[in-house]
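>>> quick one: sequence plus predicted model below, questions after.
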Amino acid sequence: MLVKENTGLLLIDVQGKLARIVHNNEKLTSNLEKLIRGCQILSIPIIWAEQNPKGLGSTIPELEKLLHHQKPIEKYTFNAFDNDVFKQAIIDSGRKQWLVCGIEAHICVYQTAMGLLSNNFEVEIVADCVSSRSQESIEMALKKLESKGASLTNIEMCLYELVKDSRREFFKEILTLIK
């Protein structure tokens with residue numbers, strides 16, 4: 001089970017034109033907005049990465065505006081955990097459970113999740129918040145990640161798991177966000 005005080009969110013490479021051509025991109029963007037807002041309501045730390053932003057472009061404006069108080073970590077390795085700044089941000093957070101979302105599911109999301117798993121972090125892939133250019137690549141990534149020890153979740157499941165109790169002060173805000 002996810003524990004609010006032990007969980008962080010990783011947003012991987014939702015950038016430029018690629019973000020507009022991945023499978024079901026409009027739904028992905030909407031879901032990512034909800035997930036980011038939900039984590040902000042719950043005070044879950046968010047670490048945000050961009051793959052080669054000079055080549056791929058910056059994070060799409062819909063998400064960038066939600067993250068305006070922080071800067072993305074620029075990376076060139078597909079596994080963000082191979083980036084020293086990213087790795088240090090993970091360690092400095094003190095969190096051991098990571099919700100992972102972004103694109104592409106079969107490349108950077110997959111390799112980053114594998115990097116976390118191999119360093120003894122718990123990984124939950126937010127399945128309705130990842131995408132690739134093809135549905136087949138998404139399915140392959142999720143299947144392989146699950147077989148390697150990552151858990152699968154979705155927005156509603158992970159946020160309610162973090163809230164735990166409908167009497168908590170942020171429950172109504174999460175409920176409104178999800179509906």
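That came through, no problem. Numbers count the residues shown, from 1 in each chain.
>>> what pairs with the longest strand along the chain, parallel or antiparallel?
The longest strand of the chain (DSSP state E) is strand 122-131. Strand 122-131 sits in its sheet next to strand 97-103 (parallel), strand 151-153 (parallel), going by DSSP bridges.
>>> what's the most buried one of the ones you listed?
Comparing the strands paired with strand 122-131 by mean neighbour count (mean count of other Cβ atoms under 10 Å), strand 97-103 comes out on top with a mean of 26. Where you see a C-beta, it was placed from the backbone N, CA and C, and this is true even at glycine.
>>> for residue 104, what are its contacts?
Neighbour list for residue 104: 13, 18, 22, 131-133, 137 [criterion: Cβ atoms under 8 Å, 6 or more residues apart in numbering].
>>> need phi/psi at it.
phi -80, psi 140 (degrees, to the nearest 10).
>>> and the lengthiest helix in the chain, how far out from the chain middle?
Counting by DSSP state H, the longest helix found in the chain is helix 25-41. On the basis of Cα atoms, centre = their mean, to the nearest Å, helix 25-41 sits 10 Å off its chain's mean C-alpha point.
>>> so, low pLDDT: which residues of this structure?
Along the chain, the model assigns pLDDT under 70 to no residue.
>>> next up, the contacts around residue 158.
2, 35, 99, 124, 126.
>>> ok, the first one to residue 47 distance?
By that I understand residue 2. 16 Å (Cβ to Cβ, to the nearest Å).
>>> would you turn the contacts of residue 104 into JSON lines with secondary structure and distance to residue 171?
Listed next are the contacts of residue 104 as JSON lines, based on DSSP: H, G, I helix; E, B strand; the rest coil; distance: Cβ to Cβ, whole Å:
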{"residue": "13", "secondary structure": "coil", "distance to residue 171": "32"}
{"residue": "18", "secondary structure": "helix", "distance to residue 171": "35"}
{"residue": "22", "secondary structure": "coil", "distance to residue 171": "32"}
{"residue": "131", "secondary structure": "strand", "distance to residue 171": "29"}
{"residue": "132", "secondary structure": "coil", "distance to residue 171": "33"}
{"residue": "133", "secondary structure": "coil", "distance to residue 171": "37"}
{"residue": "137", "secondary structure": "helix", "distance to residue 171": "36"}
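>>> could you turn the buried ones of those residues into a PyMOL selection?
With 16 or more other Cβ atoms under 10 Å as the burial test, the buried ones among the contacts of residue 104 are selected in PyMOL as follows:
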select buried, resi 13+18+22+131+132+133+137
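>>> and the furthest pair within the contacts of residue 104?
Greatest spacing in the contacts of residue 104, by Cβ to Cβ: 13 and 137 (14.3 Å).
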